[in-house]
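Visitor: Let's see this in three dimensions:
(chains A and B)
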Amino acid sequence: SAVISQKPSRDICQRGTSLTIQCQVDSQVTMMFWYRQQPGQSLTLIATANQGSEATYESGFVIDKFPISRPNLTFSTLTVSNMSPEDSSIYLCSAGRGQLTDTQYFGPGTRLTVL
Amino acid sequence: QQQVKQSPQSLIVQKGGISIINCAYENTAFDYFPWYQQFPGKGPALLIAIRPDVSEKKEGRFTISFNKSAKQFSLHIMDSQPGDSATYFCAASMLSGGYNKLIFGAGTRLAVHP
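Guide: Numbers count the residues shown, from 1 in each chain, chains lettered A, B, ... in the order given. This next block holds a predicted model:
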């Protein structure tokens, strides 16, 4: 398994600002993923972050709104840019060891509230 | 085609009873089916998973039953305990763009009453 931590655990932000969420894994992993989860709802994949390459975004999510960095095999960041109240959600990162591995381990999430 | 349909949305079970959550899928390219357990304020935790070449997998009180022809799979929690009260997500994985992508069901909120 992999132990994943996220910072911050929660934040309250003003409309129009940006927030960067950090995700740290306790060991090297190939794949890292970012999800959004509305309270009481399911998980929606935002993008996949591979070390050394551009992130791959899912339909409905764009790089200008959710820029992602993956500088090494244990760390990734997701920025939520120019926030609006509709961005209020829980943001989760997950990690998988190999590129073709199915198993993903999740961090505790970052609860974002945009006023 | 990429959807995973999960039911029921919520479930109340008495302590010691059996909790059953069902999921269905359409895309036969899915080849890995995990279940995740999520407690309030926590991230989802992998509970148990199955591949389509097996019809059943059991780990402790948790069992996955898989029906490939019907494209359905279910989670059974035997001897349900109040500590099992959580939200359960089924998921399905398929190779997409060079990596395995998870598609999640809508979730089932389980409450086990003492």
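
Visitor: so where is the chain shaky, pLDDT-wise?
Guide: All of this is about chain A. Counting by pLDDT under 70, chain A shows low-confidence ranges at A:98-101.

Visitor: The intended chain is chain B.
Guide: B:1.

Visitor: ends of stretch A:61-69, how far apart?
Guide: 15 Å (CA to CA, to the nearest Å).

Visitor: same question, stretch A:52-62
Guide: Terminal residues of stretch A:52-62 lie 19 Å apart, using CA to CA.

Visitor: got a list of what residue B:38 touches?
Guide: B:44, B:45, B:86, B:87, B:88, B:89, B:107 (CB atoms under 8 Å, 6 or more residues apart in numbering or on different chains). Using the backbone N, CA and C atoms, a C-beta is placed for each residue, glycine as well.

Visitor: let's see it at 6 Å
Guide: By CB atoms under 6 Å, 6 or more residues apart in numbering or on different chains, the residues touching residue B:38 are B:44, B:86, B:87.

Visitor: Intersect those with the contacts of chain A.
Guide: Subset of those in contact with chain A: residue B:44, counting by CB under 6 Å from any CB of the partner chain.

Visitor: For PyMOL, what selects the buried ones among the contacts of residue B:38?
Guide: Buried subset of those, written as a PyMOL selection, criterion 16 or more other CB atoms under 10 Å in any protein chain shown:
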select buried, chain B and resi 44+86+87
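
Visitor: could you dump the contacts of residue B:38 to CSV with distance to residue A:27 and secondary structure?
Guide: Formatted as CSV, those follow (distance: CB to CB, whole Å; DSSP: H, G, I helix; E, B strand; the rest coil):
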residue, distance to residue A:27, secondary structure
B:44, 19, coil
B:86, 26, strand
B:87, 27, strand
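
Visitor: What is the nearest of the contacts of residue B:38 to residue B:114?
Guide: Of all the contacts of residue B:38, residue B:86 has the smallest distance to residue B:114: 15.4 Å, by CB to CB.

Visitor: what sits against that closest one?
Guide: Contacts for residue B:86 (CB under 6 Å, 6+ apart) come out as B:37, B:38, B:39.

Visitor: Repeat that for residue B:93.
Guide: A:102, B:32, B:100, B:102.

Visitor: Swap in 7 Å and give it another go.
Guide: Neighbouring residues of residue B:93 by CB atoms under 7 Å, 6 or more residues apart in numbering or on different chains: A:102, B:30, B:31, B:32, B:100, B:101, B:102.

Visitor: same check, this time on residue A:45
Guide: Residue A:45 sits next to A:33, A:35, A:58, B:101 when contact means CB under 7 Å, 6+ apart.

Visitor: can you count the residues close to the last one?
Guide: Using other CB atoms under 10 Å in any protein chain shown, residue B:101 is surrounded by 20 other residues.

Visitor: shouldn't it be in contact with residue B:92?
Guide: No: assessed by CB atoms under 7 Å, residue B:101 is found out of contact with residue B:92, at 9.4 Å.

Visitor: Over to residue B:64. Which of the three states is it?
Guide: The three-state assignment at residue B:64 reads strand, by DSSP: H, G, I helix; E, B strand; the rest coil.

Visitor: who's in contact with it?
Guide: Shown in contact with residue B:64 (CB under 7 Å, 6+ apart): B:35, B:48, B:50, B:56, B:57, B:73, B:75.

Visitor: at 8 Å what do you get?
Guide: B:33, B:35, B:48, B:49, B:50, B:56, B:57, B:58, B:73, B:74, B:75, B:76.
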